[in-house]
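Colleague: whatever this is, show me its structure:
(2 chains)
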Amino acid sequence: NAGVTQTPKFQVLKTGQSMTLQCAQDMNHNSMYWYRQDPGMGLRLIYYSASEGTTDKGEVPNGYNVSRLNKREFSLRLESAAPSQTSVYFCASTSLWWSHNEQFFGPGTRLTVL
Amino acid sequence: KQEVTQIPAALSVPEGENLVLNCSFTDSAIYNLQWFRQDPGKGLTSLLLIQSSQREQTSGRLNASLDKSSGRSTLYIAASQPGDSATYLCAVRGETSGSRLTFGEGTQLTVNP
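Modeller: Reported below is the predicted structural model:
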């Protein structure tokens, strides 16, 4: 099992450009999440999808959109990138079965917006 | 709103020492608490998950305890090794937050040979 995979690993954008971060999991998890990690701010939830077909805003959703393409894939889109979106982005997934709800994380995408 | 605090922010110890990392949370209504490890430039690796009904969990040299009523958890690392050097994060899943986690900012651990 590959676990949670993310593409790309690194990206540099200019202000105003758009891009989509891809995430896929092969653990048959029903819930998926997008976080950003910034120095001094910790990990903050951007959007999540509790199950296929649903998405909800997290703590810092402004400037982002998401798509739960199917059970395996959850993408994060920046429509018009801003320097404040320079960060490391992590995708995570979990099963909501009571005793199996560990969150598993991908390796991250390091995004710089100039 | 749930807040998670980890103290200390950084810790440096000699190899072989036993150590304790602390995590506190403001709202005791939680389903579970999870400890993660993050190496520089890498993602988070799950170490231990403690359900709200449990007092502790063990994995190898790691032991995590949970005192839900006082809003505290500790991660005990026995016989520390240089390979344990990393940032350790705790996260709680609240009873009213669905499946979302609230993270602490982590403790950066350095184990010196």
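
Colleague: what are the buried residues along stretch B:35-50?
Modeller: B:35-38, B:43-44, B:46-50 (16 or more other CB atoms under 10 Å in any protein chain shown). Any C-beta I mention is one placed from the backbone N, CA and C, and that applies to glycine too.

Colleague: out of those residues, who's near chain A?
Modeller: B:36, B:43-44, B:46, B:49 (CB under 8 Å from any CB of the partner chain).

Colleague: which two in the residues you listed are spaced the farthest apart?
Modeller: Maximum pairwise distance in those, criterion CB to CB, is 16.7 Å, between B:43 and B:49.

Colleague: burial measure for residue 58, as a count.
Modeller: Answering for chain A, as no chain was given. 17 (other CB atoms under 10 Å in any protein chain shown).

Colleague: actually chain B
Modeller: If we define neighbours as other CB under 10 Å, then residue B:58 has 12 of them.

Colleague: which pLDDT value belongs to it?
Modeller: The confidence metric pLDDT takes the value 95 at residue B:58.

Colleague: give me the phi and psi for the residue nearest to residue A:51 when sequence neighbours are not counted.
Modeller: Nearest residue to residue A:51 in three dimensions, chain neighbours excluded: residue A:30, at 4.9 Å (CB to CB, 6 or more residues apart in numbering or on different chains). When read as degrees, to the nearest 10, the backbone of residue A:30 gives phi -90, psi -20.

Colleague: cool, and residue B:102?
Modeller: phi -110, psi 130.

Colleague: nearest residue to it other than its sequence neighbours?
Modeller: residue B:2 (4.5 Å).

Colleague: isn't that neighbour up against residue B:91?
Modeller: No: using CB atoms under 8 Å, residue B:2 is not in contact with residue B:91, being 10.1 Å away.

Colleague: what is in contact with these two at once?
Modeller: With contacts taken as CB atoms under 8 Å, 6 or more residues apart in numbering or on different chains, the residues that reach both residue B:2 and residue B:91 are residue B:102.

Colleague: between the two, tell me which one has more neighbours.
Modeller: The neighbour count for residue B:2 versus residue B:91, taken as other CB under 10 Å, is higher for residue B:91 (23 against 18).

Colleague: need the contact list for the more buried one.
Modeller: A:43, A:103, B:4, B:33-34, B:36, B:101-104.

Colleague: cool, residue A:68 as well?
Modeller: A:32, A:49, A:52-55, A:74.

Colleague: quick check: residues of chain B near chain A?
Modeller: Going by CB under 8 Å from any CB, the residues of chain B near chain A are B:31-32, B:34, B:36, B:42-46, B:49, B:51, B:89, B:91, B:93, B:98-101, B:103-106.

Colleague: that concludes my questions; thank you for your assistance.
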